[in-house]
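In: sequence? don't have it. structure:
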């Protein structure tokens, strides 16, 4: 049986800005676009992003490589895009000024595994907030509705008003973290979430959001720690378990990923994506028949849509390499 390379999926980060030192340059930066045994599309583009936007752009060759020459030292991020792949941002990368660099950006086809939940909370979630004045609670509820409408500016204003009324409002700080996540302000996102947890150490949504931050940064071990805490405090939330299974899969903890995926699907609100996570982990363990069975279950539960299309392709690939 041929082996297939595990596809690692990066969540969008998008918060880096380049800090350049014009007096120091690198000889070359080579970016390898990893698509797990599938060739690059002719339109696969790699952008080197700096403070003011793109610094340089290249089209990946047939080996899925893109080269950048005479790159100044500093902090950058790379963005990979194409006709059929999900836009992927590496997040901040420090470039060593003295040597050439080679790095791999692992991407997914559009519609493949990429759970990207955040967890805004209603004003009734946190036990520590039971004494919150009604006026502050109303502001959080209004902000919650504005978040649903993607009106981030006014939602932030409502949350700031709630905190002004009641400074120890854990849920308000968590929801500020969600706003800053959507704005790409990682520093204020982390500060808000940590403040929420300092007020209420059992606030599960804040741990979910910290876990999502760690996934976006590629720190899957930290993501597992945060998401395990979230699941301990809210054991019936399938979204938390899906994110945890994803982090375990990316951390190559395949047995744990399978177990967590099945735990997520066994809840009252089953999630079809659990089958695809389990399938990917089982395939890496060499249990191809079990992986095929999980993909078939996914398609039975979610037969249409972009994820179903991606699952059918994945199923065909797994069956092809099993012979």
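Out: Cool, got the structure. Note that the structure is a prediction, hence the values are computed from the model and not measured.
In: helices and strands around the helix or strand hosting residue 182, which ones?
Out: Element membership for residue 182, per DSSP states H and E: helix 170-183. On a contact count with 3 or more C-beta pairs under 8 Å, 6 or more residues apart in numbering; DSSP states H and E, helix 170-183 meets helix 134-148, helix 152-165, helix 186-199, helix 204-216. To be clear about C-beta, it is placed using only N, CA and C from the backbone, and glycine gets the same treatment.
In: determine which stretch of the ones you listed is the most buried.
Out: Most buried of the helices and strands packed on helix 170-183, by mean neighbour count (mean count of other C-beta atoms under 10 Å): helix 204-216, with a mean of 26.
In: from residue 172, how far off is the closest residue in space to residue 158 that isn't next to it in sequence?
Out: Leaving aside its chain neighbours, residue 158 sits nearest to residue 143 (3.7 Å; criterion: C-beta to C-beta, 6 or more residues apart in numbering). Distance, residue 143 to residue 172, using C-beta to C-beta, to the nearest Å: 8 Å.
In: which neighbours do these two share?
Out: By C-beta atoms under 8 Å, 6 or more residues apart in numbering, residue 143 and residue 172 have these common neighbours: 159, 162.
In: before we move on, back to that, average pLDDT across the helix holding residue 182?
Out: Model confidence over helix 170-183 averages 92 on the pLDDT scale.
In: so which bits of that helix are buried?
Out: For helix 170-183, burial by neighbour count (16 or more other C-beta atoms under 10 Å) applies to 170-181.
In: need the longest strand for this protein.
Out: In the chain, assigned by DSSP state E, the strand with the most residues is strand 65-81.
In: each with direction, which strands does the very next helix or strand once past that one pair with?
Out: The element immediately downstream of strand 65-81 (helix or strand, assigned by DSSP H and E) is strand 88-89. Paired neighbours of strand 88-89 in the sheet (DSSP bridges): strand 65-81 (antiparallel).
In: go ahead and confirm residue 307 touches residue 277.
Out: No: Residue 307 lies out of contact with residue 277 (C-beta atoms under 8 Å); the separation is 11.8 Å.
In: ok, those two, which is more surrounded?
Out: The residue with more neighbours, out of residue 307 and residue 277, is residue 277; 29 against 19, by other C-beta atoms under 10 Å.
In: list the residues that contact the more buried one.
Out: By C-beta under 8 Å, 6+ apart, the contact list for residue 277 reads 113, 242, 245-246, 249, 257, 261.
In: for the spatially closest residue to residue 46 that is not a sequence neighbour, give me its contacts.
Out: Leaving aside its chain neighbours, residue 46 sits nearest to residue 66 (4.0 Å; criterion: C-beta to C-beta, 6+ apart). Each residue near residue 66 by C-beta under 8 Å, 6+ apart is listed here: 30-31, 33, 46, 58-60.
In: how far away is residue 132 from residue 141?
Out: Here the criterion is C-beta to C-beta. By it, residue 132 lies 11 Å from residue 141.
In: how about residue 197?
Out: In terms of C-beta to C-beta, residue 197 sits 22 Å off from residue 141.
In: so what's the backbone phi/psi at residue 246?
Out: phi -60, psi -50 (degrees, to the nearest 10).
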